[in-house]
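Novice: okay, predicted coordinates and the sequence, questions at the end:
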Amino acid sequence: MITIGNRTFRSRLLLGTGKYPSFEIQKEAVKVSGTEILTFAVRRMNIFEPSQPNFLEQLDLSAYTLLPNTAGAKTAEEAVRIAKLAKASGLCDMVKVEIIGCDRSLLPDPIETLRASEMLLEEGFIVLPYTSDDVVLARRLCELGAHAVMPGASPIGSGRGLINPLNLSLIIEQSDVPVIIDAGIGSPKDAAYAMELGADGILLNTAVSEAADPVKMAKAMKLAIEAGRLGFEAGRMPVRDYGVASSPMEGLVPN
Amino acid sequence: MEKVIKLNGKKYEVPKGVGTVRQLLDHLDLSDRIAVIEKNQSIVPKGAYEEPVNDKDQIEIIHFVGGG
């Protein structure tokens, strides 16, 4: 169970909704993943072209919590505008603060992210800021009252996995709100690794949508997150420098 | 008088008989879509679609798309 703001979820997987090969595959992947939280972007409707089918409008909205992102914003003010537009739909009161500060790496702007989070908290949003793996920024966001912190494992869509597990561990250790590892997860091993470090959840998109078989990968991610969490709760054995036999040395059968 | 507005960033001649936000959405066949309306940079709440559409208004029709 993971509690974000006033809501509790059984699944620790938050799934993005971009870049799937088809609606049918997306629908099936979402179902198989077991996710209860779906992320979306907020955009102008293309009203001058024949209307495209919209994934959101085909969802059972009672079964999912919507987490709109502020992608496209470069400043705190733009992010707040996007968040307010999303909330005005009446479908959500959570927001993923995503303010890109570097077009090449897609790494987030820490200063604008902090400002936007503060403004959105004052407006009564449930605020989930996406950040880099900066330990101090994560602490400052916790102190502000953010409802979760979402450090990236590596750049968005890079699939490079956890490039700084030490920082992620430090963030997990210090945080009194859920830590959701967001961005950079490439394969089930990355998701399991992050969960074994003690993360409360994983937000991913491309790792599933760009897999050769997205539906199978959605299942793999679900299982990896569950396995990683169980492993964390179980407490792993210590790492040693030398071999330690599992079989007893007593009662050896003589030559 | 003919009304010309800016609709999602493009010039748009408002057809005769369209005087409110609701009528505009009906005309565009968007009434039952999940959408949020912004008029002159202010959100038009769901209960306020009887607001008039005036000449030179800037109207944005916003929705949710796939994203991570």
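Specialist: That came through fine. No experiment lies behind these values; they were computed from the predicted model shown.
Novice: is any part of the lengthiest strand in chain B close to chain A?
Specialist: Secondary structure of chain B per DSSP state E: the longest strand is strand B:58-66. Yes: counting by CB under 8 Å from any CB of the partner chain, chain A has neighbours in strand B:58-66: B:60-66. Quick note: C-beta positions are derived from backbone N, CA and C, even for glycine.
Novice: quick one: residue B:60 from residue A:230, how far?
Specialist: 46 Å (CB to CB, to the nearest Å).
Novice: ok, those two, which is more surrounded?
Specialist: Using other CB atoms under 10 Å in any protein chain shown as the criterion, residue B:60 and residue A:230 rank with residue B:60 on top: 20 against 12.
Novice: show me where chain B has its helices.
Specialist: Along chain B, the stretches classed as helices by DSSP state H are B:21-27.
Novice: and it, which of its residues are near chain A?
Specialist: Residues of chain B lying near chain A (CB under 8 Å from any CB): B:7-10, B:28-30, B:33-36, B:38, B:43, B:45-46, B:60-68.
Novice: low-confidence regions, the stretch 151-255 of chain A specifically.
Specialist: Nowhere does the stretch 151-255 of chain A drop to pLDDT under 70.
Novice: just the helices in the stretch 101-250 of chain A please.
Specialist: A:110-122, A:135-144, A:165-174, A:188-196, A:206-209, A:214-234 (DSSP state H, counting those that start in this stretch).
Novice: make CSV from these and add distance to residue A:27 to it.
Specialist: Formatted as CSV, these follow (distance: least, CB to CB, whole Å):
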stretch, distance to residue A:27
helix A:110-122, 31
helix A:135-144, 34
helix A:165-174, 32
helix A:188-196, 21
helix A:206-209, 12
helix A:214-234, 9
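Novice: deepest of those helices, which one?
Specialist: helix A:206-209 (a mean of 25; mean count of other CB atoms under 10 Å in any protein chain shown).
Novice: quick one: contacts of that helix?
Specialist: A:15-16, A:18-21, A:26, A:29, A:33, A:156-157, A:159, A:185-187, A:190-191, A:214, A:217-218, A:221, B:68 (CB atoms under 8 Å, 6 or more residues apart in numbering or on different chains).
Novice: indicate the residue of the stretch 101-250 of chain A located nearest to chain B.
Specialist: The stretch 101-250 of chain A approaches chain B most closely through residue A:205 (3.3 Å), counting by CB to the nearest CB.
Novice: from residue A:197, how far out is that residue?
Specialist: As for residue A:205, its distance to residue A:197 is 21 Å (criterion: CB to CB).
Novice: between these two, which one's more packed in?
Specialist: Between residue A:205 and residue A:197, counting by other CB under 10 Å, residue A:205 is the more crowded of the two (24 against 19).
Novice: what sits against that one?
Specialist: A:15-19, A:39, A:157, B:67-68.
Novice: near residue A:161, how many other residues are there?
Specialist: Neighbour count for residue A:161, taken as other CB under 10 Å: 18.
Novice: now residue A:212
Specialist: Residues within reach of residue A:212, counting by other CB under 10 Å, total 7.
Novice: burial count for residue A:16?
Specialist: Neighbours around residue A:16, by other CB under 10 Å: 28.
Novice: thought it was touching residue A:202?
Specialist: No: using CB atoms under 8 Å, residue A:16 makes no contact with residue A:202, being 11.0 Å away.
Novice: now for the residue lying closest to the residue of the stretch 101-250 of chain A closest to chain B once chain neighbours are set aside: which residues touch it?
Specialist: Spatially, and ignoring its direct neighbours in sequence, residue A:205 is nearest to residue A:16 (2.5 Å; CB to CB, 6 or more residues apart in numbering or on different chains). The contact partners of residue A:16, by CB under 8 Å, 6+ apart, come to A:38-39, A:203-206, A:208-209, B:66-68.
Novice: strands of chain B, residue ranges please.
Specialist: Going by DSSP E, chain B shows strands at B:3-7, B:10-14, B:36-39, B:42-44, B:58-66.
Novice: which one of the ones you listed lies nearest to residue A:8?
Specialist: Ranking the strands of chain B by distance to residue A:8, with CB to CB as the measure, places strand B:58-66 first at 23.7 Å.
Novice: how about that closest one: buried residues?
Specialist: B:59-66 (16 or more other CB atoms under 10 Å in any protein chain shown).
Novice: would TSV of those residues with pLDDT and distance to residue A:10 be doable?
Specialist: Conversion of these to TSV gives the following (pLDDT from 0 to 100; distance: CB to CB, whole Å):
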residue	pLDDT	distance to residue A:10
B:59	96	41
B:60	96	37
B:61	95	35
B:62	95	31
B:63	93	29
B:64	93	24
B:65	92	27
B:66	92	24
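Novice: what parts of chain A come near chain B?
Specialist: A:16-20, A:26, A:39-48, A:51, A:54-57, A:66, A:68-69, A:71, A:84-86, A:88-91, A:156-157, A:183, A:203-206.
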